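# generate coordinates for the sequence data below:
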Amino acid sequence: ASDVVTTYTPGPNDRLNGATVTLRLTSSNPGTTCGPVFDEVDVKVDKLPEVFLTGLNPLYQEDAPPVQLQGFPTSGGVGFFSGPGVAGDEFYPSLANLTPAVNTIVYTFTDASTGCTNFDSFDVIVNPITNIDFQVAGAVVTADGEPEFCSNDGLVELLGSPDHTTGFPITEFTSLSIPSNIVLSGGRYFIDTDGLASDRYDVTYTYTNSLGSVTSRTKFVKVLPGPIADFTVNNFCIASPVIFTDVSTIPPSAFGGSIAGWEWNFGDNTVSYDQNPTHTYTNPGTYTVTLTVFSNQGCSNTTSGTFTVGPLPTALFEVSNVCTNDITIFKNLSETDEATSTIIAQTWDFGDGNTSSDFEPTYNYGSFGVYNVSLTVETDRGCFDTYTLPVAILPSTTIPVSSAYQEGFESIGSSGWQQGALPTSDTSWIQ
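Numbers count the residues shown, from 1 in each chain. Below is the predicted model:
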């Protein structure tokens, strides 16, 4: 340099490794006989400290926990951290600049013996999270913030906010305590409450946004005991009231609970709110009966049953061969509406203390007389009907072929004629 004042800048190698540099100042006086003169000075270039910054990842989401920063060296001088989100020797993603900003974190160290300062830096991106929540469809939120709903109520929908369909993989509902009861059906999430015991259960909503930030929200849900509706039916005959008996139950629970109300729909546009009602149907037919039971905690359950109310059958028969020592034949002419019932049994009373359950029996009367024969039929619906017919059994008589037989009707009973047993007539000839 030709200027008396100049600047010397150590080269990269000298700065990195250190060096001793000799600087010379030469002065000349042109036009004179004096030769040039010079002066020299030795300059020592101290080595820069080697500085490293570790412990950081290139990507965080804003709710990530603080990160412990590590800078080297840690002794022989003074080091410190700086940059967005840095507090002391920790990096707080929640305090840093969010995407699209880039956070440059710096560790600076000054060597105590030389006074030389060096630094290392690392660029960090912090993605924002999505604030999420969820509710249970139809649930009541308690003072503790817990959704409260009933067991044995089928599939109850879980409603995420934002909706889970707007999230990216992995966005889902899960539970550690009842994993198999969290159901994905038709693109929607549900809790399957059927058979679920009354208790408190954890449910977690996990949401991933478009930047890959994952947020989770866990709540405890309170499941109240849901009643289980059930009933029995007694009497299926139109002739008398049908008896309905409630046999509904409610599972035991630490939260209590009992069945407090009933609603019956008998399938003929009539209802009852009794626990065990009776109901008289106007017409035979098939009816669907529905019972809904209610607990004192607002839970309900419904069940239905289909049964047939049968009509009364018509008992009827006719008789042939009405003489003693003949085999009297009984022809069963009973009938019922086969669309709604079937005759399943019959009982014959022959009027002399003997009975039969055959469909069409035969019987041998040992003596003549009038017998009140009864036929009672029963259907599969429990309906009965009885038909009674006085049957005159006549004496068997052998008439000689060579002579005629004549008998007056005035001597009733002495010769076998029975009054009122046959249609009214003033003559009868038997040969």
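
# mind listing what E360 touches?
Counting by CB atoms under 8 Å, 6 or more residues apart in numbering, E360 touches I329, F330, K331, N332. From N, CA and C alone the C-beta is placed, and that goes for glycine too.

# could you rerun that using 6 Å?
Contacts for E360 were tallied using CB atoms under 6 Å, 6 or more residues apart in numbering; they are F330, K331, N332.

# swap in T286?
By CB under 6 Å, 6+ apart, T286 lies in contact with T308.

# neighbours around G310, how many?
22 (other CB atoms under 10 Å).

# same thing with L25?
L25: 12 neighbours (other CB under 10 Å).

# can I get the CA coordinates of whichever helix or strand it is part of in CSV?
Using DSSP states H and E, L25 falls within strand 19-27. Extracted in CSV, the C-alpha atoms of strand 19-27 (Å, rounded to 0.1, in the frame of the first residue of the first chain):
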residue,chain,number,x,y,z
ALA,A,19,-0.6,-16.9,13.0
THR,A,20,2.2,-14.3,13.5
VAL,A,21,2.3,-11.8,10.7
THR,A,22,5.1,-9.3,10.1
LEU,A,23,4.0,-5.9,8.8
ARG,A,24,6.7,-3.6,7.2
LEU,A,25,6.4,0.1,6.5
THR,A,26,8.9,1.3,3.9
SER,A,27,9.5,5.0,3.2
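
# so which residues make contact with that strand?
P36, V37, F38, D39, E40, V41, D42, V43, K44, V45.

# closest one to E62 out of those residues, please.
V45 (44.5 Å; CB to CB).

# about what we covered before: top of the contacts of strand 19-27 by neighbour count?
V45 (19 neighbours).

# what about the helices in the stretch 1-150 of the chain?
12-17 (DSSP state H, counting those that start in this stretch).

# can you give me the strands in it?
Taking DSSP state E, counting those that start in this stretch as the test, the strands found in the stretch 1-150 of the chain are 19-27, 37-45, 52-54, 59-61, 67-68, 70-72, 77-82, 86-87, 90-91, 103-111, 117-127, 133-136, 140-141, 147-150.

# run through who's touching the last one.
Right, strand 147-150. In contact with strand 147-150 (CB under 6 Å, 6+ apart) are residues V136, A139, V140, V141, T142, V156, V221, K222, L224, G226, C299.

# which one of these has the most neighbours?
Neighbour max across the contacts of strand 147-150 (other CB under 10 Å) = G226, 27 neighbours.

# so what's that residue up against?
Applying CB under 6 Å, 6+ apart, we find G226 in contact with C150, S151, N152, D153, C299, N301.

# with I170 instead?
T208.

# name the element it belongs to?
Secondary-structure assignment from DSSP H and E places I170 in strand 168-174.

# for the most centrally placed residue in the chain, give its distance to L184.
Centroid-nearest residue in the chain, with CA atoms, centre = their mean: D192, separated by 2.4 Å. For D192, the distance to L184 equals 11 Å [CB to CB, to the nearest Å].

# list the buried residues for the strand holding I170?
T171, E172, F173, T174 (16 or more other CB atoms under 10 Å).

# format those residues as TSV; extra columns: pLDDT and distance to D199.
TSV is the format used below for the buried residues of strand 168-174 (pLDDT from 0 to 100; distance: CB to CB, whole Å):
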residue	pLDDT	distance to D199
T171	97	27
E172	98	22
F173	98	18
T174	98	17
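
# ok, those vs Y207, which is closest?
T171 (5.1 Å).

# from N209, how far off is the closest one?
In terms of CB to CB, T171 sits 9 Å off from N209.

# again, but for T104
Distance from T104 to N209, by CB to CB: 25 Å.

# so these two - more neighbours on which side?
N209 (19 against 13).

# wait, the more buried one touches P128, no?
No. Between N209 and P128 there is no contact under CB atoms under 6 Å: 7.8 Å.

# name the nearest of the contacts of E360 relative to G369.
F330 (16.9 Å).

# what pairs with the closest one across the strands?
Per DSSP bridges, the residues bridged to F330 are V319.

# is it true that it touches F317?
Yes. If you go by CB under 6 Å, F330 and F317 touch, sitting 5.5 Å apart.

# against which helices or strands is the helix or strand in which Y371 is found packed?
Secondary structure from DSSP H and E places Y371 in strand 369-379. Packing contacts for strand 369-379, counted by 3 or more CB pairs under 6 Å, 6 or more residues apart in numbering; DSSP states H and E, involve strand 343-349, strand 384-393.

# who's in contact with it?
In contact with strand 369-379 (CB under 6 Å, 6+ apart) are residues 310, 313, 315, 317, 334, 336, 341, 343, 345-352, 384-393, 418, 421.

# just the buried ones among these, please.
310, 313, 315, 317, 334, 336, 341, 343, 346-351, 385, 391-393, 418, 421.

# quick revisit: and the buried residues of strand 168-174 as CSV, adding distance to S295?
Listed next are those as CSV, based on distance: CB to CB, whole Å:
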residue, distance to S295
T171, 35
E172, 32
F173, 27
T174, 29
